[in-house]
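Student: Pasting a predicted model and its sequence here:
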Amino acid sequence: MLAARRIKMKLRPVTDADSAAVVELIDSCLREIGDRVFPEGEGRDLMNPEASYAGRGGAFVFMEDDTGITGTHAVLPTSENGTATFRRLYVRKDMRGHGVGKRLMQWAIDEAIAKGFERVVFWSDTRFAHAHEFFRRFGFVKGETRDMDDGAVPYSEFRFERAL
């Protein structure tokens, strides 16, 4: 059955009408680590995703199948010339290990290259250890750590970077 679902998966841009479903997916992933989406802080981009991503020269997509959204990912330009950042890579728990994350990461890399970026820099919550190994497999190098207080609870993030 999973193979049939994987064949039917499609990628499409997130619209403002998708906001609630995207928030639900991301919130479920954050709740796995004892957190939640915080719309007043780190999650404010999810309340108006079209303006937050496409409106700023980026792109925000989700993968879906007949059961709903299976994962999300986004690319945004940074203030540093030639550099993009990745945001919002989340995969529904029951879909992890089935290629959704790989397809979304490859989409983001291809999208960044198509937009003319030369490098990607992004931050990832330190509590997502499994994701950090995934990033390394795509050639991202872990760097410094920063402490954040814009979420529902304080957290820390690792910086990841890679040339394109």
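Tutor: Now that the structure is in, tell me what you want to look at. Numbers count the residues shown, from 1 in each chain.

Student: The helix or strand hosting Phe86: how far from the chain's middle?
Tutor: Using DSSP states H and E, Phe86 sits within strand 83-91. Centroid displacement of strand 83-91 relative to its chain, using CA atoms, centre = their mean, to the nearest Å, is 4 Å.

Student: go on, stretch 140-148?
Tutor: With CA atoms, centre = their mean, you get 16 Å for stretch 140-148.

Student: Show me what counts as buried in that stretch.
Tutor: Under the neighbour-count criterion of 16 or more other CB atoms under 10 Å, stretch 140-148 has Phe140 buried. Heads up, the C-betas are built off the backbone N, CA and C, glycines and all.

Student: ok, residues contacting that stretch?
Tutor: 42, 120, 123, 126, 132, 135-136, 154-162 (CB atoms under 8 Å, 6 or more residues apart in numbering).

Student: re the thing from before, please name the strands paired to the strand holding Phe86 in the sheet, noting orientation.
Tutor: In the sheet containing strand 83-91, its partner strands are strand 68-77 (antiparallel), strand 119-125 (parallel), by DSSP bridges.

Student: Just put those in a markdown table and tack on mean pLDDT.
Tutor: Shown next, in a markdown table, are the strands paired with strand 83-91 (pLDDT from 0 to 100):
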| stretch | mean pLDDT |
| --- | --- |
| strand 68-77 | 97 |
| strand 119-125 | 97 |
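
Student: Of these, flag the one that's most buried.
Tutor: strand 68-77 (a mean of 22; mean count of other CB atoms under 10 Å).

Student: sorry, back to before: what's the most distant pair in the contacts of stretch 140-148?
Tutor: Longest distance between any two of these is 27.4 Å, between Pro154 and Arg162; criterion CB to CB.

Student: Could you check which of those two has the larger neighbour count?
Tutor: Arg162 (17 against 9; other CB atoms under 10 Å).

Student: Contacts for the longest helix belonging to the chain next, please.
Tutor: Assignment by DSSP state H gives helix 100-114 as the longest helix of the chain. Outside helix 100-114, the residues that touch it by CB under 8 Å, 6+ apart are 9, 11, 59, 61, 63, 70-75, 84, 86, 89, 91-92, 120, 134, 138, 164.

Student: What is the distance between that helix and the centre of its chain?
Tutor: 10 Å.

Student: Just the buried residues of that helix, please?
Tutor: Residues 100-101, 103-105, 107-109, 111-112 are the ones in helix 100-114 that count as buried (16+ other CB under 10 Å).
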